[in-house]
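Undergrad: My questions are about this predicted structure, shown below with the sequence.
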Amino acid sequence: AQVKGKTHAECIGPRIERLTEALEWLRSWNLKRVELSRGKTEPLPFFEMSEKIGLKRFEQDVLLILFMKNFDPVSGKLFQKLEHESMMRDGVRIGVLLEMLSPDFRTQMKNKAFFGFNGNLRKHDLIYDYFHIRDESTSVFDERICAQQRIVNFLMGDETLYNSALRCIRREEPAARLEQIVMPDDTILQIMEQVDAFRQLEINGASKEIDDFFGYGTGLAMLFHGPSGTGKTMLAHALARHMGVPIISVDLGIRRNISVEDIVQFAFREASLSGGVLFFDECDDVFEDDSDESRAMLVGIEKSRCVTILTTNQPMKLDPALDRRIRIKVPFPYPDESDRKKIWKKLIPAGEMEIGEAEIALIAKRYVFTGGIIKNAVLTALNLAQSRKCGLDGDLLKEASDIQADSIMERSPQTRVVRPEAVLKEFPFPRVFRERVERLKRSVGSALEEGRSAVILLRCGDIQTGAKIAEALAGDCGVYARLFDMRDVLRLRNDEEERDRVSGFPYTPFIRHLGRRTLSIIVDHFGNFDRFVTSDKDQGETVQELAGCFKSSSEIVFIVTGQGERIKNNSGIEFDAIIDIPHPPVLAQADAWRRCAGLERLSEDAAALLAEEYPMHLREIKEAVSGVLFEWGSESSAGASFADLVRKHLEKGRQYVPVLFGRVREQI
């Protein structure tokens, strides 16, 4: 083509020559910076990135040219003049880059492979295609490319993220230290061995050889799974600090108007540029089998050259393709009493503590907290100490712990957490049975002390009395009580739902609860448990699941039912103890009759005779007297004695409640 009598080559030749001279100057300037920075701490992002990714000389020059166009106004104008005015002025044609960097056409044809999707420039998202209409006939020479703006900023030493759509990504300097982490030594050693080996391969440059051998990324991917507050985030920060790199935190739950695929792509590129630890927090959606999120994460891990940590609050089945890429899976359970004691010690600031070893041990026993809740309790105690102008002592720490325990107390319709008010000595047990109750209390206290579990069946003619006795046992052992209705445990509501019952049981009563130390009490008000397990209907898997709850329980559980005689030895249901609550002694019952009814209404002989004829618990006696007074008024009816009215009332509403069954593993 002729332009004012000159060929196209004659028009663009001088401009390409000027750009080539600018490129040579930029390259030499960077080399001088390398020489000047030897032995200094000034970073050289371009050369560090080139060495880490393995950019060839041609790829480095392409990146420098694109950087010049974005950063240098003079170079930008020269590039614009290389194109016809009618063409797009954004981006640089690959053909122009090949003309600048290749001495002849044969070399151009060879070098165009660097712009393919397997080349480092695209594989590591250093460049992108500027949008234009293309079809099957479009030549690679006519395609236009740009340097990613984040890469341009990085080469300028700018680590700031400006895209508001990426607010779910944060670049942070880690603050946690490894010595603050409380977890099994063998687990820490396994993680540190992998992290240190990965870091050494990076330093030695051996990771590039491994990457070339395997054909995909040499990144180290780990999964931390467990309840919230157990230290997953803290360990991720501690590992980043140990490696001396920033942590790139990604929260997929707060993304706005951007796909997970774009976030994952950007996050992995950011971690690759900075050499940081990439941290995906609470990414449960990623683990769904064959989901878009899972596929995006899979691609990111395959291409990665960094440490990647994913966390989830609940164990779940991974996408098999993603599961193979997770090198280490680390469980984070609730800390036991010993670990809680260590966490309390580590989180109380040095010089602030006016509390002894025994008090810390007592607090660790009394409150089942995660590390996150313990941290909140310590901060609350420090604030209280500052407000009251006093030192941090054991009483202040207990007060702060109570505040935290109240904030996390279960308040669901299925569960009530109560502080027991009754004590065992208030119940008028027969002397022989009182000795057995004392042995039971010592056994429960010992189990609480040692962190053991137990499932105990209390059979009582009055369900509410049995529940109160279980509460009193909890109170005497210094713990709170969690109350459950048996219908909620069995997921029963009425006869129709009982026939079409949803299989499976909630495990909540059998799992240790966060907050104050508790034991669980499941109250079978309507005899559902008895009917359910002894039913002729084949309960099969459901009974096995319930038996599994008993065996895997981490809590002390009392099941309170009515009395009965049916026992099904092959049910698979086993209790650590079965306790039958007897009625109070006759004298205690007679005294209760007279106190409730009034001394003028019942003589000692009449009250004793009622106690012998109708053995009852004290609560039942009080309820019976209230029923008689409500039905017949405060005075005797038609000359009948109060004792006769009581007999009439009891015979009218008396019902037989069958007892539960079970097989005893060990008598407590």
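TA: Nice, thanks for sending it over.
Undergrad: Might you list the low-confidence residue ranges for the stretch 301-450 of the chain?
TA: 315-317, 351-354, 410-413 (pLDDT under 70).
Undergrad: which stretches of it form helices?
TA: 320-323, 337-347, 357-366, 371-388, 394-407, 431-450 (DSSP state H, counting those that start in this stretch).
Undergrad: ditto for the stretch 51-200 of the chain
TA: 57-71, 73-81, 94-101, 105-111, 120-123, 149-155, 185-204.
Undergrad: Check which helices and strands the fourth one sits against.
TA: Here helix 105-111 touches helix 94-101, going by 3 or more C-beta pairs under 8 Å, 6 or more residues apart in numbering; DSSP states H and E. All C-beta atoms are positioned from the backbone trio N, CA, C, and that covers glycine.
Undergrad: Give me the mean pLDDT for the helix it packs on.
TA: Across helix 94-101, the average pLDDT comes to 83.
Undergrad: now the helices of the stretch 301-450 of the chain in TSV, with mean neighbour count?
TA: What follows is the helices of the stretch 301-450 of the chain, written out as TSV (neighbours: other C-beta atoms under 10 Å):
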stretch	mean neighbour count
helix 320-323	15
helix 337-347	18
helix 357-366	17
helix 371-388	18
helix 394-407	18
helix 431-450	15
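Undergrad: Distance to residue 514 for those helices - can I get that in TSV?
TA: Output for the helices of the stretch 301-450 of the chain, formatted as TSV (distance: least, C-beta to C-beta, whole Å):
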stretch	distance to residue 514
helix 320-323	29
helix 337-347	11
helix 357-366	13
helix 371-388	7
helix 394-407	9
helix 431-450	16
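Undergrad: Tell me where the stretch 451-600 of the chain has helices.
TA: Secondary structure of the stretch 451-600 of the chain (DSSP H, counting those that start in this stretch): helices at 463-476, 486-490, 495-499, 528-534, 541-552, 586-597.
Undergrad: Quick check: which of those is nearest to residue 128?
TA: Minimum separation from residue 128 across those (C-beta to C-beta) falls at helix 541-552, 52.8 Å.
Undergrad: Using CSV, write down the CA coordinates of that closest one.
TA: C-alpha atoms of helix 541-552 as CSV (Å, rounded to 0.1, in the frame of the first residue of the first chain):
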residue,chain,number,x,y,z
GLU,A,541,-31.7,-48.7,60.4
THR,A,542,-33.3,-46.2,62.8
VAL,A,543,-32.6,-48.3,65.9
GLN,A,544,-29.0,-48.9,64.7
GLU,A,545,-28.6,-45.1,64.2
LEU,A,546,-29.8,-44.4,67.7
ALA,A,547,-27.5,-47.1,69.1
GLY,A,548,-24.7,-45.4,67.1
CYS,A,549,-25.6,-42.1,68.9
PHE,A,550,-25.2,-43.9,72.2
LYS,A,551,-21.8,-45.4,71.4
SER,A,552,-20.3,-42.3,69.7
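Undergrad: OK, contacts around residue 587?
TA: By C-beta atoms under 8 Å, 6 or more residues apart in numbering, the contact set of residue 587 is 608, 611.
Undergrad: Which helix or strand contains residue 223?
TA: Applying DSSP states H and E as the criterion places residue 223 in strand 220-225.
Undergrad: Reformat the helices of the stretch 451-600 of the chain as CSV; add mean pLDDT and distance to residue 312.
TA: Listed next are the helices of the stretch 451-600 of the chain as CSV, based on pLDDT from 0 to 100; distance: least, C-beta to C-beta, whole Å:
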stretch, mean pLDDT, distance to residue 312
helix 463-476, 95, 33
helix 486-490, 80, 27
helix 495-499, 41, 33
helix 528-534, 70, 34
helix 541-552, 74, 21
helix 586-597, 94, 56
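Undergrad: Tabulate those (TSV), appending distance to residue 127.
TA: Shown next, in TSV, are the helices of the stretch 451-600 of the chain (distance: least, C-beta to C-beta, whole Å):
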stretch	distance to residue 127
helix 463-476	67
helix 486-490	60
helix 495-499	62
helix 528-534	67
helix 541-552	55
helix 586-597	89
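Undergrad: which one of these lies closest to residue 250?
TA: helix 541-552 (34.7 Å).
Undergrad: So what's the gap between the closest one and the chain middle?
TA: 25 Å (C-alpha atoms, centre = their mean, to the nearest Å).
Undergrad: now for it, which elements pack on it?
TA: Here helix 541-552 touches strand 574-575, going by 3+ C-beta pairs under 8 Å, 6+ apart.
Undergrad: just to revisit the earlier point, least confident of the helices of the stretch 51-200 of the chain, on average?
TA: For these, mean pLDDT drops lowest on helix 73-81, to a mean of 61.
Undergrad: Among the helices of the stretch 301-450 of the chain, which comes closest to residue 603?
TA: Here helix 431-450 is closest among these (C-beta to C-beta), at 26.6 Å.
Undergrad: got the contact list for that closest one?
TA: Helix 431-450 is contacted from outside by 365, 424, 429, 452-454, 456, 469, 473, 476-479, 517, 519, 556, 577, 579, 581-582, 668, using C-beta under 8 Å, 6+ apart.
Undergrad: Buried ones among those residues?
TA: 365, 424, 429, 453-454, 456, 469, 473, 476-477, 479, 517, 519, 556, 577, 579, 581, 668 (16 or more other C-beta atoms under 10 Å).
Undergrad: I'd like to know how many residues surround residue 545.
TA: 14 (other C-beta atoms under 10 Å).
Undergrad: Residue 395 versus that one, what's the distance?
TA: 45 Å (C-beta to C-beta, to the nearest Å).
Undergrad: Equivalent analysis for residue 359, please.
TA: For residue 359, the distance to residue 395 equals 9 Å [C-beta to C-beta].
Undergrad: now swap in residue 485 and tell me
TA: Distance, residue 485 to residue 395, by C-beta to C-beta: 37 Å.
Undergrad: Same check on residue 97?
TA: Relative to residue 395, and taking C-beta to C-beta, residue 97 is found at 73 Å.
Undergrad: Can you tell me how far residue 651 is from residue 613?
TA: Distance from residue 651 to residue 613, by C-beta to C-beta: 10 Å.
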